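> Kindly return the folded structure for what I paste below:
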Amino acid sequence: METTRRERTGRGRVTAILLLLCLVTLSGCGGPWRDRYLDKGLKRLTQDDIAEKFGPPSTAKTPVLGGNTVWTYRVPMGDREVHPWDPSSLTAGKKTKAPPSPSPFGKSLAGNEEPYREPLYCYRYTLSFDEDKRLKDWKREECVPRASEEETDSQ
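Model (predicted):
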């Protein structure tokens, strides 16, 4: 039985829609889990919810006269967690010569015999809570900018 042009066009559209839905779903899976958790919890998560998930904050500032409370977390993360879709992060750590580590956290103290360890970077999460102790907004930034980014910024 031969398919008609209309049937082929309909199947092509369905295939394209399914492919698009898969891409949208996968793109939502990228990035650190903390980012997704905080994005979904804006105006909903309480300080207790976040403390249960993240632990106690590195710093907490609560104004005496009312206003927003600000919590700060310092979190070590590797490139694979921050940029999971970056192809260069997928090949790092294979049985090749280890790339030079821009971070002291990524260097092996045991010498060249030690397997490559992914460099870790420090990220600061700054969370702001309203007077009802609900998450108002948040941001993530590097504790100290990487050397490669500083060089491009100064040029």
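> ok, residue 76 - how many residues close by?
Residue 76 is flanked by 13 other residues according to other CB atoms under 10 Å. Yep, even glycine has a C-beta here, placed from its N, CA and C like the rest.
> Same question for the one 5 residues further on.
Other residues within reach of residue 81 by the criterion other CB under 10 Å amount to 18.
> residues in contact with it?
The neighbours of residue 81, taking CB atoms under 8 Å, 6 or more residues apart in numbering as the test, are residue 32.
> you'd agree it is in a helix?
Yes: if the criterion is DSSP: H, G, I helix; E, B strand; the rest coil, then residue 81 is within a helix.
> Next, the distance between the ends of stretch 45-61.
Its first and final residues considered, stretch 45-61 spans 18 Å by CA to CA, to the nearest Å.
> Mind checking the pLDDT average for it?
Stretch 45-61 carries an average pLDDT of 97.
> Residues contacting that stretch from elsewhere in the structure, which ones?
Residues external to stretch 45-61 that are found in contact with it (CB under 8 Å, 6+ apart): 34, 37-38, 41, 69-74, 125, 127, 129, 133-135.
> how about 7 Å then?
37, 69-74, 127, 129, 133-135 (CB atoms under 7 Å, 6 or more residues apart in numbering).
> Among the residues you listed, name the buried ones.
Buried by 16 or more other CB atoms under 10 Å: 69-71, 73, 127, 129, 135, out of these.
> Pipe those into a markdown table and attach distance to residue 142 per row.
Output for the buried ones among the contacts of stretch 45-61, formatted as a markdown table (distance: CB to CB, whole Å):
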| residue | distance to residue 142 |
| --- | --- |
| 69 | 23 |
| 70 | 18 |
| 71 | 18 |
| 73 | 13 |
| 127 | 17 |
| 129 | 23 |
| 135 | 21 |
